[in-house]
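Asks: Give the three-dimensional model of this entry:
(chains A and B)
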Number of protein chains: 2
Amino acid sequence: MDETFVIVGGDAAGMSAASKAKRDDPDLDVIVFEKGEWVSYAACGMPYYVKGEVEELEDLVAVTPEEFVEKRDIDLRTGHEVVAIDPEEQTVTVEADGDRFDQPYDHLLIGTGARAIEPPFDGIDLEGVFTIHDMDAADAIDDYVDERAPETAAIVGGGYVGIEMAEALSARGLEVSIFEMLPRTLQPFGEETARVVEEHLREEGVELHLETAVSGFDGEERVEAVTLEDDEVPADLAIVGVGVAPNVDLAEEAGIELGPTGAIATDEYGRTSEDDVYAAGDVAEATNVVTGEPDHVPLALTANRAGRAIGATVAGSPTLTGGTAGTAIVKAFELGAARTGLVDEESASEAGFDPVSVTIEAPTRPHYYPGSTDLTITLVADRESERVLGASLVGRQGAKRIDTVATALHAELTVAELEGLDLAYAPPFSPTWDPVLTAAKVLNGQLE
Amino acid sequence: MDETFVIVGGDAAGMSAASKAKRDDPDLDVIVFEKGEWVSYAACGMPYYVKGEVEELEDLVAVTPEEFVEKRDIDLRTGHEVVAIDPEEQTVTVEADGDRFDQPYDHLLIGTGARAIEPPFDGIDLEGVFTIHDMDAADAIDDYVDERAPETAAIVGGGYVGIEMAEALSARGLEVSIFEMLPRTLQPFGEETARVVEEHLREEGVELHLETAVSGFDGEERVEAVTLEDDEVPADLAIVGVGVAPNVDLAEEAGIELGPTGAIATDEYGRTSEDDVYAAGDVAEATNVVTGEPDHVPLALTANRAGRAIGATVAGSPTLTGGTAGTAIVKAFELGAARTGLVDEESASEAGFDPVSVTIEAPTRPHYYPGSTDLTITLVADRESERVLGASLVGRQGAKRIDTVATALHAELTVAELEGLDLAYAPPFSPTWDPVLTAAKVLNGQLE
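Replies: Numbers count the residues shown, from 1 in each chain, chains lettered A, B, ... in the order given. So this is what the prediction gives:
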């Protein structure tokens, strides 16, 4: 009898695994249970739908359910929620349309993703208060802006979702305020990058309330204000984006081990503590290539890659899921901000390194070539091994240069090796010394 | 007595060495002999001066002679030509203003650069025929366009200088034809990239004459036509850009060894076959990081870096000059084309590898995000070691992505390791799988 590969969750990790497994082993029965209706969608594109740059929400869907079923021969069942896993019996319990049934599996992938955290704010259920948890939320915000014509927006949380939504709502004509409990926005990007982004947000008319705790929302039926400790700020629309938490309940109840980050612990093949049970994507940990420790980086590429690797493994070719460098990039109005690895001395010290870092400003083109802008780069290294540990950068152009540093992290290059890279130069693209090389040169000077 | 560091040639390699040596060891006497008047200028910026995007030729000068003398305390002597080196006596013979004198040295750097090759074309001395050998040539072309208002331009040679000049002269309103002896332009960029560039050149109105040998130029006083084997094509201005040759005469006469490429052979510290004599920049070889063999890559970064390393070495801290990956990038009208390492199976075979390669087209952004364009990437690897050997790519955006592959070459990553890199993704910057990762994924499929 053919083996059965059951997948819980039909987004990046799950559908990548399903597609790869079925392609590599067409005899495999691949069943995907997705509790919602959307599968394989680009959550990262939602702000640009709200902004108006993406016309239809459906445009964010990479592959439609029909294509999965008809072209890829995957038994995709939307509206099906897996409510229990029995690793002993190798079955999952599924609820759909009020019915409940058990589905046996030979291989199981948990790809239940993460959810937007909903803090216990007063008035969080008021109309006009949203969390960005899925495509329906993006649709609801878009409708609310169309129908209610709000003039002011409050965004609770200065992470990348908050900043992308600030750009989107500003573009729709709203006056936007961001409320952040911590002293700075974009926490994982480090202080120098955050400082540049914050200055730019203010230039673009966003009001920043840092070190400001929100206690809830006020209003009759609809939100009318954000309530702070001893103040109220009017807001016709509010978005709560204070981070995500992995959806681990199902795994936890089945006795599957979680790791130190609170996400599901996995080995280098994505295997969990239970036989034949894998986990991937926003619900699972991945190994950080800099620290060698488990990390939780709920981003799309990690999910896609791990899902695909597990698909190959299940189909018979054991494939490593690959490490994460925690590489991320975000657009903040006219700026691009990016990070990889350990971006400040504090986090590097915590990881056991003896860090040294520099922050430089360098132009993206020679001084004489039109249109050059500055890139602010923070580069961090370990004093003893001289290994590059990470970088954060921000500027109007060239934020994808973070990839050079990300590659250096995977290869465990030293600062001198980074400085010695033969990167591409011509006036329309770069100064002779690419800004990344300049940062390495300055940091190398600190190491001597 | 203080030691004397004599440098022959005041451009990228020479002035980098002078500045670094003097900064690291202020007691060193640093003397630079430059036979022309221009020092430390960005030759790569000349096409953009002719195009009109750089206003003054002086803007291309990174550091003025006055700054070198007054601020950096370097004994820079323009108009001084070194006509002989005596490695036994450790002296150079210098000619200036009709005088001739000997200058002793403790350390010598030969940074005499390369010159534009002037084929023995009939009529090459006609007015209106230019080779791009230095800043004065750029000035002369600019003046000629202003004063003679030529309507047609013939560019002999389809390398990157030819293509940059085609863009510049088109922008000045001339009808441009390119004549290339070989079956394709941009030879070092490989066939796939050249094909895309050629299509674009034609779209931009450039007439391409491939596999077409030019025999000379015709005209009375001024050039009026390019002469081919059995044809003539009218041209009011002609530019000859058929490559460069290292200025090795001085070194050769002094008995300094040349390498297999015809440039000066150097070791990993830039030392030549003679004691205390270094060579760097366009006149010298560098080690190719992919093949491990001597290579001649007359580009600015290699020159700057080697010069700087030699400056540090002379000042007392032995510093490696660093290898070259042959990384290059060129703007061709709206396209960016870039290359690194070995870009086709032919050159990889010649270097002793068992090559496998793929060419893919991949978007620079997700399908739903506005403004996405395609990047055509050719990726080459060795079948046995699975090591990445090189890449060439071309597109309207994102050509600097070549840096990711260049970094992988330095780190000797395999195709699977390249595919496993955690590169930056967000819709405004990249699809989930960066085009470089997609190319690696497809190539990895070929290796299995």
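Asks: So, low pLDDT: which residues of chain A?
Replies: Applying pLDDT under 70 to chain A flags residues A:1.
Asks: Can you name the residue of it nearest chain B?
Replies: Nearest residue of chain A to chain B: residue A:411, at 3.3 Å (Cβ to the nearest Cβ). For the C-beta atoms, the positions are set from N, CA and C on the backbone; glycine is no exception.
Asks: so that residue sits right up against residue B:407, yeah?
Replies: Yes - using Cβ atoms under 8 Å, residue A:411 is in contact with residue B:407, at 7.2 Å.
Asks: More neighbours: which of these two?
Replies: Using other Cβ atoms under 10 Å in any protein chain shown, the more surrounded residue of residue A:411 and residue B:407 is residue B:407, with 30 against 19.
Asks: Can you give me every residue that contacts the nearest residue to the more buried one once chain neighbours are set aside?
Replies: Distances taken as Cβ to Cβ, 6 or more residues apart in numbering or on different chains place residue A:407 nearest to residue B:407, at 4.1 Å, with adjacent residues excluded. Contacts for residue A:407 (Cβ atoms under 8 Å, 6 or more residues apart in numbering or on different chains) come out as B:404, B:407-408, B:411, B:413, B:421, B:423.
Asks: can we see that at 10 Å?
Replies: For residue A:407, the contact set (Cβ atoms under 10 Å, 6 or more residues apart in numbering or on different chains) comprises A:325, A:327, A:340, A:413, A:418, A:421, B:403-408, B:410-411, B:413, B:417-418, B:421-423, B:436.
Asks: Okay, strands next: where are they in the stretch 151-300 of chain A?
Replies: A:152-156, A:175-179, A:207-209, A:214-218, A:225-228, A:232-234, A:237-240, A:244-246, A:277-279, A:286-287, A:294-295 (DSSP state E, counting those that start in this stretch).
Asks: partners of the first one in the sheet?
Replies: In other words, strand A:152-156. When pairs are called by DSSP bridges, strand A:152-156 turns out to pair with strand A:175-179 (parallel), strand A:237-240 (parallel).
Asks: Could you give me the buried positions within it?
Replies: Under the neighbour-count criterion of 16 or more other Cβ atoms under 10 Å in any protein chain shown, strand A:152-156 has A:152-156 buried.
Asks: returning to that earlier point: dump the strands of the stretch 151-300 of chain A to JSON lines, plus distance to residue B:279.
Replies: Formatted as JSON lines, the strands of the stretch 151-300 of chain A follow (distance: least, Cβ to Cβ, whole Å):
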{"stretch": "strand A:152-156", "distance to residue B:279": "59"}
{"stretch": "strand A:175-179", "distance to residue B:279": "57"}
{"stretch": "strand A:207-209", "distance to residue B:279": "55"}
{"stretch": "strand A:214-218", "distance to residue B:279": "65"}
{"stretch": "strand A:225-228", "distance to residue B:279": "67"}
{"stretch": "strand A:232-234", "distance to residue B:279": "67"}
{"stretch": "strand A:237-240", "distance to residue B:279": "62"}
{"stretch": "strand A:244-246", "distance to residue B:279": "57"}
{"stretch": "strand A:277-279", "distance to residue B:279": "57"}
{"stretch": "strand A:286-287", "distance to residue B:279": "46"}
{"stretch": "strand A:294-295", "distance to residue B:279": "47"}
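Asks: For residue A:107, which of the strands paired with strand A:152-156 is the nearest?
Replies: strand A:237-240 (36.8 Å; Cβ to Cβ).
Asks: CA atoms of that closest one as CSV?
Replies: What follows is strand A:237-240, C-alpha atoms only, in CSV (Å, rounded to 0.1, in the frame of the first residue of the first chain):
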residue,chain,number,x,y,z
LEU,A,237,-8.6,52.8,13.1
ALA,A,238,-6.2,50.7,15.2
ILE,A,239,-3.8,47.9,14.2
VAL,A,240,-2.2,45.7,16.8
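Asks: which ones are touching the most centrally placed residue in chain A?
Replies: Closest to where the C-alpha atoms of chain A average out (Cα atoms, centre = their mean) is residue A:299, at 3.2 Å. The contact partners of residue A:299, taken as Cβ under 10 Å, 6+ apart, are A:12, A:44, A:160, A:281-282, A:286, A:324, A:326-329, B:422, B:424-426, B:432.
Asks: Could you list the domains of chain A?
Replies: Chain A breaks down by automatic domain parsing into domains covering A:4-38+A:59-113+A:245-314, A:118-242, A:338-447.
Asks: Give me whichever of these is most buried.
Replies: domain A:338-447 (a mean of 22; mean count of other Cβ atoms under 10 Å in any protein chain shown).
Asks: Kindly report the residues of the stretch 1-150 of chain A close to chain B.
Replies: A:12, A:16, A:42, A:44-49, A:53-62 (Cβ under 10 Å from any Cβ of the partner chain).
Asks: Helices - which of those land there?
Replies: Among the residues of the stretch 1-150 of chain A next to chain B, the members found in helices (DSSP state H) are A:12, A:16, A:46-49.
Asks: Overlap of the contact sets of residue A:411 and residue B:407?
Replies: A:417-418, B:413, B:421.
Asks: Look up how far residue B:78 lies from residue A:223.
Replies: Remark: distance between residue A:223 and residue B:78 (Cβ to Cβ, to the nearest Å) = 71 Å.
Asks: ok so, going back, make TSV out of the strands paired with strand A:152-156 and add distance to residue A:121.
Replies: Formatted as TSV, the strands paired with strand A:152-156 follow (distance: least, Cβ to Cβ, whole Å):
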stretch	distance to residue A:121
strand A:175-179	11
strand A:237-240	7
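Asks: about what we covered before: quick check: phi and psi on the residue nearest to the centre of chain A?
Replies: phi -130, psi 160 (degrees, to the nearest 10).
Asks: now swap in residue A:428 and tell me
Replies: Torsion angles, degrees, to the nearest 10, at residue A:428: phi -70, psi -10.
Asks: wait, it sits on residue B:48?
Replies: Yes - if you go by Cβ atoms under 10 Å, residue A:428 and residue B:48 touch, sitting 7.8 Å apart.
Asks: Residues that sit against both of the two, list them.
Replies: Listed as contacting both residue A:428 and residue B:48 by Cβ under 10 Å, 6+ apart are A:366, A:369-370, B:164, B:167, B:331.
Asks: any idea which of those residues is the one closest to residue A:271?
Replies: Nearest member of these to residue A:271, counting by Cβ to Cβ, is residue B:331, at 48.2 Å.
Asks: Does that closest one touch residue B:167 like I think?
Replies: Yes - using Cβ under 10 Å as the test, residue B:331 is close enough to residue B:167 to be in contact (6.9 Å).
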